[in-house]
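Novice: model this:
(one chain, ligands or ions: 1)
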Amino acid sequence: MAFNQDAYKELEQVVGKNNVSQDIAMRESYRVINSQSSAHFGPYDVKSPMPGAVIMPGCTEEVQKIVKICNKYHIPFKAATTFWSVMGYIGDDDSLQIDMKRMKKMEFHERDQYVIVEPYAIGAVVQVEAMKRGFNVNMAGVGCSSSTLAGTASWVAFGPSSCFMGVASENMLATEWVLPNGELLRTGTLGAGGDWFCGEGPGPSVRGMLRGMQGPAGSMGVCCRVAVRLHPWPGPRVLPSYGVGAAYKLVPQWNIKTYTLNFPNWKGYANTINLLSQNNEIAYLGHRQFNMWGRYIKLPMLELLSDPEGQLCDLPKYMNDPYIAEQNKLCKIDLQVVIVGMTKRDMEWKEKALDEILRRVKGWKNEFMLQPKIHDFVALYLLRLGHKNLNYTLASSYEGSGGLSNNVFVTSKVMEEYHEMREEFDKHSTALAATGGDSEMGALSTLGGGGITGYEFFQWFDRHDRESVKGCCDFIQNYSQKLCDKYGFGADMGNWNKTARHPETDYYYTQDEQNEMFVTMAQPGLVTYQYKVREAFNPLNLCGSYYRTLDPEYLKAYKAKQAKKAKK
Ligand SMILES: Cc1cc2nc3c(=O)[nH]c(=O)nc-3n(C[C@H](O)[C@H](O)[C@H](O)COP(=O)(O)OP(=O)(O)OC[C@H]3O[C@@H](n4cnc5c(N)ncnc54)[C@H](O)[C@@H]3O)c2cc1C
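Specialist: Residues are numbered from 1 along each chain as shown. Alright, predicted model coming up:
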């Protein structure tokens with residue numbers, strides 16, 4: 001089957017010939033090898049399907065017309081913006097990939113403390129403009145080159161600043177959304193003929209159909225504009241930097257301090273998270289960030305990265321440097337925090353409060369990380385999150401595993417066991433990079449105000465090497481998932497999207513396949529409810545299987561069959 005040519009002509013009329021293409025080279029460039037982070041269904045070495053055509057709308061009206069054409073001709077479609085995640089790529093043949101990059105406007109409402117963003121207003125730009133006005137925005141952990149709208153409307157968007165600035169579900173105000181059937185939905189105050197300052201009501205929240213804690217990953221049509229909360233920023237209106245790229249550093253500021261806290265044990269770490277959450281105003285930002293390279297090389301990595309001429313071949317030199325090696329050892333259990341003072345007194349109080357917490361848990365501030373060149377590099381790194389490429393330093397790909405979630409007192413007890421499990425795996429396999437498996441990377445909180453943590457363990461592998469890919473799958477299924485099962489943590493992060501895409505083909509699941517997958521689930525009400533929502537807004541099922549659904553009739557028939565069997 002080929003892309004419907006009548007539909008293509010109509011699409012051309014909507015956006016003009018220059019903004020739609022079925023050129024093979026263009027379509028090929030909208031495929032991805034799905035063994036990339038954020039696939040979260042284990043790494044496989046297949047590519048996402050080739051779209052039938054690619055289109056770039058320029059405004060909401062165009063998006064609406066495009067979606068209506070897709071409905072008319074039954075063409076599956078999916079919108080994506082900055083394409084960091086596999087979730088944004090289509091999963092059916094002859095689909096339409098909607099690339100939202102032409103829509104990139106922002107509109108600040110300073111008095112009411114929100115900004116309306118279009119999809120391609122990326123985090124870096126929104127933040128710079130917000131800071132000029134004395135505000136900041138939550139930056140999703142994927143970094144500042146990602147779309148603020150995509151994270152807010154379609155995913156979780158937790159990150160280092162979420163303890164202070166919240167996550168997507170907390171920051172999303174009114175939205176303008178083209179539903180999968182082509183209808184335009186305006187939520188909250190916007191839908192009631194008002195402004196954009198509130199995402200809820202009047203009456204039952206339609207916002208809740210579009211997203212909960214986690215967004216629909218592009219399976220509920222196309223979000224064209226969203227109002228996002230702004231948060232206080234008492235720092236300079238333009239972040240002054242010095243040094244040479246990519247090792248830019250923040251010119252020291254009296255009211256911005258970055259510390260790496262060290263702890264003698266995981267209990268001290270958990271207690272600190274707890275105390276910082278109870279006194280939420282202390283940390284402006286908090287993340288266990290640099291352990292992403294693994295506990296043996298994190299400070300040597302920072303030494304070379306903060307030097308513009310640093311190269312990976314310098315790593316052994318820094319690992320063997322007695323001072324760095326000693327500090328690295330002391331830094332085994334660590335947490336990065338950024339303290340930002342609203343006033344001089346506020347700054348003094350925050351410093352004292354942090355010192356008091358460290359006194360209570362017998363922790364300390366890592367000395368290596370206080371050196372000006374490291375401090376200033378790390379401060380800019382964390383405030384901007386502009387170095388996300390470094391997630392791919394050690395190999396071409398990684399899959400996040402573990403995902404040990406929620407209660408830090410429970411999960412921090414498992415950190416060493418996870419580390420040992422990975423070391424055990426490495427004794428018989430060279431499939432994975434021999435460092436980083438103990439990343440235990442995660443935010444101080446994945447909810448505004450603190451309370452929930454989550455830890456990602458990076459398994460770095462070579463996506464061009466089948467054995468390496470296979471080894472990574474083996475580790476996730478036969479080690480990491482088993483550990484999650486043992487402690488009742490649920491699905492391993494490497495399995496989160498297992499029910500959304502076929503691992504062997506990267507295609508979406510059909511409704512029949514989803515029925516089979518979900519019919520035995522413990523609480524099927526969740527997915528039968530979503531089925532009803534999907535039927536109402538997306539009866540042709542055009543936007544893929546990230547929105548998990550179970551046909552209630554199928555469930556009813558299954559239950560009747562089970563009851564009959566039991567009677568026999
Ligand atoms: C290295 C790395 C680190 C990450 N770290 C984090 C993290 O710390 N926290 C976190 O929450 N996530 C994290 N993720 C996941 C990431 O946040 C999501 O993938 C995020 O949405 C980034 O994607 P993007 O902004 O590039 O948007 P895209 O990849 O373009 O889209 C992301 C999703 O949103 C949908 N979408 C995009 N635009 C629209 C639109 N206009 N209308 C409707 N749907 C749309 C897409 O279909 C897709 O499902 C990470 C991913 C990577 C690769």
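Novice: thought Ser162 was touching Gly450?
Specialist: No. With contacts counted by C-beta atoms under 8 Å, Ser162 stays clear of Gly450, the gap being 9.2 Å. Any C-beta I mention is one placed from the backbone N, CA and C, and that applies to glycine too.
Novice: list residues touching both of the two?
Specialist: Leu444 (C-beta atoms under 8 Å, 6 or more residues apart in numbering).
Novice: Looking at the two now, which is surrounded by more residues?
Specialist: Counted by other C-beta atoms under 10 Å, Ser162 and Gly450 do not tie: Ser162 has more neighbours, with 30 against 24.
Novice: how close does the more buried one sit to Glu170?
Specialist: 9 Å (C-beta to C-beta, to the nearest Å).
Novice: Common neighbours of the two, please.
Specialist: Leu447, Gly448.
Novice: can you give me the strands in the stretch 51-200 of the chain?
Specialist: With DSSP state E, counting those that start in this stretch as the criterion, the stretch 51-200 of the chain has strands at 53-55, 77-80, 96-99, 106-109, 114-117, 135-136, 172-178, 184-186.
Novice: Tabulate those (a markdown table), appending mean pLDDT and mean neighbour count.
Specialist: Shown next, in a markdown table, are those (pLDDT from 0 to 100; neighbours: other C-beta atoms under 10 Å):
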| stretch | mean pLDDT | mean neighbour count |
| --- | --- | --- |
| strand 53-55 | 98 | 24 |
| strand 77-80 | 98 | 26 |
| strand 96-99 | 98 | 26 |
| strand 106-109 | 98 | 16 |
| strand 114-117 | 98 | 25 |
| strand 135-136 | 98 | 22 |
| strand 172-178 | 96 | 25 |
| strand 184-186 | 94 | 17 |
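Novice: between those, which one is nearest to the ligand?
Specialist: strand 77-80 (3.6 Å; C-beta to the nearest ligand atom).
Novice: now the farthest one out in this protein, which residue is it?
Specialist: Each residue of the chain has a distance to the centre, and by C-alpha atoms, centre = their mean the biggest one is for Lys568: 49.4 Å.
Novice: For that residue, give its distance to the ligand.
Specialist: 45 Å (C-beta to the nearest ligand atom, to the nearest Å).
Novice: how about the strands of the stretch 51-200 of the chain in a markdown table, adding distance to Arg422?
Specialist: Formatted as a markdown table, these follow (distance: least, C-beta to C-beta, whole Å):
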| stretch | distance to Arg422 |
| --- | --- |
| strand 53-55 | 40 |
| strand 77-80 | 32 |
| strand 96-99 | 37 |
| strand 106-109 | 43 |
| strand 114-117 | 39 |
| strand 135-136 | 36 |
| strand 172-178 | 36 |
| strand 184-186 | 45 |
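Novice: mind putting these in JSON lines, distance to the ligand included?
Specialist: Compiled in JSON lines, the strands of the stretch 51-200 of the chain are given as follows (distance: least, C-beta to the nearest ligand atom, whole Å):
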{"stretch": "strand 53-55", "distance to the ligand": "13"}
{"stretch": "strand 77-80", "distance to the ligand": "4"}
{"stretch": "strand 96-99", "distance to the ligand": "8"}
{"stretch": "strand 106-109", "distance to the ligand": "14"}
{"stretch": "strand 114-117", "distance to the ligand": "10"}
{"stretch": "strand 135-136", "distance to the ligand": "17"}
{"stretch": "strand 172-178", "distance to the ligand": "8"}
{"stretch": "strand 184-186", "distance to the ligand": "12"}
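Novice: Can you spell out which helices and strands pack onto the longest helix anywhere in the chain?
Specialist: The residue-count maximum for a helix in the chain (DSSP state H) belongs to helix 344-361. Packing contacts for helix 344-361, counted by 3 or more C-beta pairs under 8 Å, 6 or more residues apart in numbering; DSSP states H and E, involve strand 256-262, helix 266-278, strand 334-340.
Novice: chain center to the helix or strand following it, what's the gap?
Specialist: Counting by DSSP states H and E, the next helix or strand C-terminal to helix 344-361 is strand 364-365. Remark: strand 364-365 is offset 29 Å from the chain centroid, using C-alpha atoms, centre = their mean, to the nearest Å.
Novice: check contacts around Ser95.
Specialist: Pro49, Pro51, Gly52, Ile75, Pro76, Phe77, Lys78.
Novice: Quick check, the third one in contact with Gln5.
Specialist: This points to Gly52. No. Assessed by C-beta under 8 Å, Gly52 is found out of contact with Gln5, at 10.2 Å.
Novice: Can you tell me the SS state at the nearest residue in space to Phe41 that is not next to it in sequence?
Specialist: Sequence neighbours aside, Asn497 is the residue nearest to Phe41 in space, at 4.3 Å (criterion: C-beta to C-beta, 6 or more residues apart in numbering). Following DSSP: H, G, I helix; E, B strand; the rest coil, we place Asn497 in the coil state.
Novice: how near is Asn497 to the ligand?
Specialist: For Asn497, the distance to the ligand equals 10 Å [C-beta to the nearest ligand atom].
Novice: Show the contacting residues for that residue.
Specialist: Going by C-beta under 8 Å, 6+ apart, the list of residues near Asn497 reads Ala39, His40, Phe41, Val86, Met87, Tyr546.
Novice: Try it again at 7 Å.
Specialist: Contacts here follow C-beta atoms under 7 Å, 6 or more residues apart in numbering; on that basis Asn497 touches Ala39, His40, Phe41.
Novice: how close does it sit to Leu276?
Specialist: In terms of C-beta to C-beta, Asn497 sits 31 Å off from Leu276.
Novice: swap in Met319?
Specialist: In terms of C-beta to C-beta, Met319 sits 31 Å off from Leu276.
Novice: Gly402 too?
Specialist: The value you get for Gly402 to Leu276, if C-beta to C-beta is used, is 22 Å.
Novice: what about those two, which has more around it?
Specialist: Higher neighbour count among Gly402 and Leu276: Gly402, with 31 against 23, using other C-beta under 10 Å.
Novice: Remind me which helix or strand the more buried one belongs to.
Specialist: Using DSSP H and E, Gly402 falls in strand 397-406.
Novice: Give the buried residues for the helix or strand following that strand.
Specialist: Going down the chain from strand 397-406, the next helix or strand is helix 408-411, by DSSP H and E. Of all the residues in helix 408-411, those buried under the rule 16 or more other C-beta atoms under 10 Å are Val408, Thr411.
Novice: Give me the more crowded residue out of Gly52 and Gln5.
Specialist: Gly52 (23 against 9).
Novice: re the thing from before, dump the helices and strands packed on helix 344-361 to a markdown table, plus distance to the ligand and mean pLDDT.
Specialist: What follows is these, written out as a markdown table (distance: least, C-beta to the nearest ligand atom, whole Å; pLDDT from 0 to 100):
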| stretch | distance to the ligand | mean pLDDT |
| --- | --- | --- |
| strand 256-262 | 19 | 98 |
| helix 266-278 | 17 | 96 |
| strand 334-340 | 14 | 98 |
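Novice: who's in contact with Ala431?
Specialist: Phe461, Glu467, Ser468, Lys470, Gly471, Cys472.
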